[in-house]
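K.L.:
fold the following and give me the result.
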Amino acid sequence: MKRSVALFTLLLAACSFLDKQEPSSGWSAAKLYQEAKEALDRGQYDLAIKHYETLEARFPYGRYSQQAQIETAYAYYKQSEQASSVAAADRFIKLHPNHPNVDYVYYLKGLVYFNEDLGVFGKVSRQDRTERDPKSARESFDAFKDLVQRFPESKYTPDALARMKYLVNALASHEVHVARYYMKRGAYVAAANRAQYALKNYPQAPAREEALLIMIRAYDALGMPELRDDSERVLRKNFPESAHLKSLLGQLVR
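P.N.:
Numbering: from 1, shown residues only. Purely as a prediction, here's the structure:
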């Protein structure tokens, strides 16, 4: 019995010692949030995340906890921890689908993928573009699309629409680049299919002109005059002043 009492007393002493080592142990929800926000504003993202997570653990209900969840996603975003930021955003959307600031969380999720996508489309790199995965661009587009469809009046929607336009052009350009890659290697079926995919999925993108040109050349090389002529008609209709059309047609077998 004496051993049990002694052990219990020791554990209490240890807990008391640990509490003294943790300055935030007696902080209120408001104090925790204030300290986290100040750390966030100073760019101390690790500390901010620590305070936000402590706040949510100790005070799981109420406006401070909900705001902490949003700002945790933002802090991870600023830390360039994309996976953690997206996970935090998805969690908030699932828990609080009707929150007045949930539109911002959709927007933030799109930004996370968008900035990751810049590593694929927006930065100079020696890596062949055909080897890059456009998954982040598609994820970003989908997140912005969710925002636009669910919250058309949101203050974040105009910027989301502008970014979606960029992403459509980037994705279409990627597909056309891959089609061009296949053409250079004589893989005409693959080239035609990739160009056709770009036309079907990104019909408003500027890259569709080159996609049609590739389809004409690929079908001509494959000895498929009907498909070649169909592609040519579409090109003439949509790009009657195409600078490449006249020189291309002179090279084709008729």
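
K.L.:
mind listing what's buried in the strand or helix carrying Val148?
P.N.:
Using DSSP states H and E, Val148 sits in helix 135-150. Across helix 135-150, burial judged by 16 or more other Cβ atoms under 10 Å covers Ser136, Ala137, Glu139, Ser140, Phe141, Ala143, Phe144, Lys145, Asp146, Leu147, Val148. C-beta coordinates here come from the backbone N, C-alpha and C atoms, glycine included.

K.L.:
tell me how far that helix lies from the chain's centre.
P.N.:
Using Cα atoms, centre = their mean, to the nearest Å, the mean C-alpha position of helix 135-150 is found 7 Å from that of the whole chain.

K.L.:
show me what it is packed against.
P.N.:
Contacts defined by 3 or more Cβ pairs under 8 Å, 6 or more residues apart in numbering; DSSP states H and E place helix 135-150 against helix 102-121, helix 157-184.

K.L.:
how many neighbours does the closest residue to Tyr219 other than its chain neighbours have?
P.N.:
Nearest non-adjacent residue to Tyr219, counting by Cβ to Cβ, 6 or more residues apart in numbering: Arg228, 3.8 Å away. For Arg228, the count of nearby residues is 22 (other Cβ atoms under 10 Å).

K.L.:
for Arg228, give me its contacts.
P.N.:
Going by Cβ atoms under 8 Å, 6 or more residues apart in numbering, Arg228 touches Met215, Ile216, Tyr219, Asp220, Leu252.

K.L.:
give me the mean pLDDT for the strand or helix carrying it.
P.N.:
Per DSSP H and E: Arg228 is located in helix 225-238. The average pLDDT for helix 225-238 rounds to 92.

K.L.:
how about that helix: buried residues?
P.N.:
Leu227, Arg228, Ser231, Glu232, Leu235.

K.L.:
now those residues in a markdown table, with distance to Ser28?
P.N.:
Output for the buried residues of helix 225-238, formatted as a markdown table (distance: Cβ to Cβ, whole Å):
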| residue | distance to Ser28 |
| --- | --- |
| Leu227 | 71 |
| Arg228 | 73 |
| Ser231 | 68 |
| Glu232 | 72 |
| Leu235 | 68 |
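
K.L.:
out of these, which comes closest to Leu161?
P.N.:
Relative to Leu161, the closest of the buried residues of helix 225-238 is Leu235; by Cβ to Cβ it sits at 28.2 Å.

K.L.:
the closest one contacts Glu209, correct?
P.N.:
Yes - counting by Cβ atoms under 8 Å, Glu209 is a contact partner of Leu235 at 7.2 Å.

K.L.:
common neighbours of those two, please.
P.N.:
Counting by Cβ under 8 Å, 6+ apart, the residues touching both Leu235 and Glu209 are Ser242.

K.L.:
how about the contacts made by Tyr61?
P.N.:
Shown in contact with Tyr61 (Cβ under 8 Å, 6+ apart): no residues.

K.L.:
repeat for His99
P.N.:
Counting by Cβ under 8 Å, 6+ apart, His99 makes contact with Gln66, Phe92, Val105.

K.L.:
ok, Tyr197 next?
P.N.:
Tyr197 sits next to Glu175 when contact means Cβ under 8 Å, 6+ apart.

K.L.:
of the buried residues of helix 135-150, which is the nearest to Thr72?
P.N.:
Of the buried residues of helix 135-150, the one sitting nearest to Thr72 (Cβ to Cβ) turns out to be Ala143, at 17.6 Å.
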